[in-house]
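[1] The sequence and its predicted three-dimensional model are supplied below.
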Amino acid sequence: MKPVLQKLASLRLTLAGLAVLIVNSFAVSQWPDAAIPWLVLPLAVLALNLLAALLVRHAFRQQAALLLFHVGLLGVLLLVAAGVLMRFDGSVEVVEGSAYNAVSVTDRGRGWLHPDRLDRVQFTQGPVEVNYLSGLRRDTTHSQVALGRADGPGIRRDVGDREGFTSNGYRFMTTFNKGYAVLVLWRDAAGTEAIGAVNLPSFPEFEWKQANDWTTPAGELLTLELKLAERVPEESPWTLSSRDVGYEVGISGGALAETTVAPGEPVAVKGGEITVVDLRLWMGYRIDYNPLLPWLLSAAFLSLGALGVHMAQKFRVPRVDGAVPAHGGEQTA
Amino acid sequence: MSMDVEKTLLVTAVAGFGVVLLLDVLFRRQGRPAWPAVSGLLFVVLGLLTAAVAGRWLREAQGPFLTLYDVLLSNLFSLTLVYLVAAWLVPALRRSSAIVVGFLGLLGVWSLTVSAQAVPLPATFDNPWLWLHVTAGKLFLGLCLPAAASALWLLVRTRRLPVEDGDLDAAVWLTLSLAFVCHSFMLIAGAIWAHSAWGRYWAWDSLETWTFITWLCIALLLHARVTFRRMPVAYGWSAVLVVFGLAILTFLGVPFLSVAPHKGVM
């Protein structure tokens, strides 16, 4: 067993593993989708190599800081791997006044061992304000949320660019992605009502095409286009919010001739009528899940601290100016 | 401070590097100790650079993070400062001052050729970890420079290690090892910052990849030095130069050449 461990602990194997990892890291940057296959083999070899070295190398036993650095590094490797297996990455758009719905989440990637608990997250979106400096430079974002059940008291939080919120292990961070949503009331011929929101493209990024398609409960495809009373001021500070916004909505498609309506003005469509009742904002959140991050951070800092101590011990030599050549510490060219 | 004053300070500092280099070479040719004059003038240049960085910072109300000009200007400041401190603590590093100053002069000339127009720092990026990340990065590069300059000095001077240069060889590995510690911290702080700014701690964008490759190369070099103890010393010095070249490419090339999210955000 020991000869096998000795071979596995070889520094030459470390060098080979690092060299392959260097080449493969470059490959990953070119083909990011293949990151896991490119990295698993060299990292696994390096992890085994390190584990074997920790067991058989005397140098580690004599240098506690070096040992701790490498143990921490091994911990980082394992935690990164476990984190990749458990992670979730996604996004969601939530309209002011409405509750988060897990069905609306866009899945951008998840690990094989991810425990899907997105449906346990509960929050209601409150008012959103995004401040802009002159020249349409985005400044601070304020998104109010009430954590907890929609019908409960909730814990109010003001989140933004620098501070998100966490629920059931999922971290929600606001993004640059946000825009208007038209709240539409549908009333069918029997008088049954339903209300829903039609999210329009990101604003002000796509100020020039604030339109989206919507299929009514009767199955008619309509296009709703937001017509704002005022353009976004480009040369002065400005705040994006849904308060005091003058607007009309253009409705077209199906059997309907193109028409522009004011809020509260009903329009007859196939199978019933629709009324634009309000204009709200939707906020785009990035969602990520990795319960091992605090441990990963701890392992990384433990490793870094140990490396610092090791280097300090290794190079702790008395400062002797006499070690420098006699003519003032310099060589003539 | 107006842009004109800032530019004047920078031009004067770059000219100062030229004067320091001339004096350094002149003193060495005459066999006189150059360090007192070199270090004294470098302090004056550092003062000019400090004023330029501080003036820009106050005027733009943000740190020098985004543009190539920001990065060059702040690196001129940090590289000079770190070299002065390192050479004060490890006198052997003073021997390669001409190479260090020559390199700083070239960076200075480069900084004069790029646009000084500021770009606003996005609100999401303004986070204390950005400061720690950038500071660690500057310390890393600042320690790499004397390591590489000393390695080049040793390579030019001789391919074998003369007894009197043993302390300089040790200084090369000391500064590179400390640079490795700073690089490690830069990676950690950068990951925390990225997690806050973009919601992920690592994404294999060009800058992240090349930074990681630089870290791996230093790890490879430090392990190779232990593995091949009888390796000719010149191989190690050459490898230090390669690592420095890679670091410069990573810091001053990749962020401004790639179209990845990290572009211009260093």
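    Great, that's in hand. Residues are numbered from 1 along each chain as shown, chains lettered A, B, ... in the order given.

[2] rest of the way, CA atoms for contacts and neighbours
    Will do.

[3] Now do the helices in the stretch 1-150 of chain B.
    B:3-29, B:35-60, B:68-89, B:97-113, B:128-157 (DSSP state H, counting those that start in this stretch).

[4] Residue A:259: which of the ones you listed is closest?
    helix B:35-60 (48.2 Å; CA to CA).

[5] elements contacting the closest one?
    Secondary-structure packing of helix B:35-60 (3 or more CA pairs under 8 Å, 6 or more residues apart in numbering or on different chains; DSSP states H and E): helix B:3-29, helix B:68-89.

[6] The shortest one to helix B:35-60, inter-axis angle?
    Meaning helix B:68-89. Orientation check (axes from the mean of the first three to the mean of the last three CA atoms, to 10 degrees): helix B:68-89 against helix B:35-60 gives 150 degrees.

[7] Let me see the residues that make contact with helix B:68-89.
    The contact list for helix B:68-89, computed with CA atoms under 8 Å, 6 or more residues apart in numbering or on different chains, reads A:319, B:39, B:42, B:46, B:49-50, B:53, B:64-65, B:93-94, B:104, B:107-108, B:110-111, B:114-116, B:118, B:138-139, B:141-143, B:145-146, B:252, B:256, B:264, B:266.

[8] pLDDT at residue 38, what is it?
    I went with chain A, as the question did not name one. With respect to pLDDT, residue A:38 has a value of 81.

[9] Please refer instead to chain B.
    At residue B:38, the model reports a pLDDT of 93.

[10] ok so, going back, name the stretch among the helices and strands packed on helix B:35-60 that sits most buried.
    helix B:68-89 (a mean of 21; mean count of other CA atoms under 10 Å in any protein chain shown).

[11] any idea of the mean pLDDT in that helix?
    94.

[12] Please parse chain A into its domains.
    A:2-87+A:290-320, A:89-288 (automatic domain parsing).

[13] any chance of these in CSV, plus distance to residue B:124 and mean neighbour count?
    Shown next, in CSV, are the domains of chain A (distance: least, CA to CA, whole Å; neighbours: other CA atoms under 10 Å in any protein chain shown):
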stretch, distance to residue B:124, mean neighbour count
domain A:2-87+A:290-320, 20, 17
domain A:89-288, 5, 17
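
[14] and of those domains, who's closest to residue B:226?
    For residue B:226, the closest of those is domain A:2-87+A:290-320, at 8.4 Å, according to CA to CA.

[15] is chain B contacted by the closest one?
    Yes. Judged by CA under 8 Å from any CA of the partner chain, domain A:2-87+A:290-320 comes into contact with chain B at A:11-12, A:14-15, A:18-19, A:21-22, A:25-26, A:28-29, A:32, A:297, A:300-301, A:304, A:307-308, A:311, A:315, A:319.

[16] Reformat the domains of chain A as JSON lines; add distance to residue B:152.
    Conversion of the domains of chain A to JSON lines gives the following (distance: least, CA to CA, whole Å):
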{"stretch": "domain A:2-87+A:290-320", "distance to residue B:152": "22"}
{"stretch": "domain A:89-288", "distance to residue B:152": "44"}
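
[17] Quickly note the distance from residue B:241 to chain A.
    17 Å (CA to the nearest CA, to the nearest Å).

[18] Spatially nearest residue to that residue, not counting backbone neighbours?
    residue B:148 (5.2 Å; CA to CA, 6 or more residues apart in numbering or on different chains).

[19] what's the answer for residue A:109, then?
    In space, residue A:109 is closest to residue A:89, 5.1 Å off (CA to CA, 6+ apart).

[20] beta partners of that neighbour?
    Applying DSSP bridges to residue A:89 gives these bridge partners: residue A:109, residue A:288.

[21] Tell me if I'm right that it and residue A:285 touch.
    No. The pair residue A:89 / residue A:285 is not scored as a contact, 10.9 Å apart, by CA atoms under 8 Å.

[22] Contact residues of the stretch 101-250 of chain B facing chain A?
    Counting by CA under 8 Å from any CA, the stretch 101-250 of chain B sits next to chain A at B:120, B:122-124, B:127, B:164, B:167, B:174, B:177-178, B:181, B:184-185, B:188, B:196-197, B:199-200, B:204-206, B:209-210, B:212-213, B:216-217, B:219-220, B:223-224, B:227.

[23] swap the cut-off to 6 Å and go again
    Contacts of the stretch 101-250 of chain B with chain A, taken as CA under 6 Å from any CA of the partner chain, map to B:123, B:124, B:204, B:213, B:220.

[24] Distance check, residue A:27 against residue A:47.
    From residue A:27 over to residue A:47 the distance is 20 Å, taken as CA to CA, to the nearest Å.

[25] actually residue B:72, not the one I wrote
    From residue B:72 to residue A:47 the distance is 38 Å (CA to CA).

[26] before we move on, what about residue B:65?
    36 Å.

[27] Please identify which helix or strand holds the residue lying closest to residue A:111 once chain neighbours are set aside.
    Spatial nearest neighbour of residue A:111, chain neighbours left out: residue A:85 (4.1 Å); criterion: CA to CA, 6+ apart. When elements are assigned from DSSP states H and E, residue A:85 belongs to helix A:64-86.

[28] what do you get for residue A:248?
    Residue A:248 belongs to strand A:247-253, assigned by DSSP H and E.

[29] And for residue A:108, nearest residue in space, chain neighbours not counted?
    residue A:90 is the one closest to residue A:108 (CA to CA, 6+ apart), at 4.7 Å.

[30] Identify each buried residue in the longest helix along chain B, please.
    Looking across chain B with DSSP state H, the single longest helix is helix B:166-198. For helix B:166-198, burial by neighbour count (16 or more other CA atoms under 10 Å in any protein chain shown) applies to B:167-169, B:171-194, B:196-198.

[31] and the helix or strand that that helix is followed by, what does it pack onto?
    Sequence order places helix B:206-227 as the next helix or strand after helix B:166-198, per DSSP H and E. Of the remaining helices and strands, none touches helix B:206-227 by 3 or more CA pairs under 6 Å, 6 or more residues apart in numbering or on different chains; DSSP states H and E.

[32] So what angle separates the directions of the helix or strand that helix B:206-227 is followed by and helix B:166-198?
    Counting by DSSP H and E, the next helix or strand C-terminal to helix B:206-227 is helix B:233-252. For helix B:233-252 against helix B:166-198, the angle by the same axes, to 10 degrees is 30 degrees.
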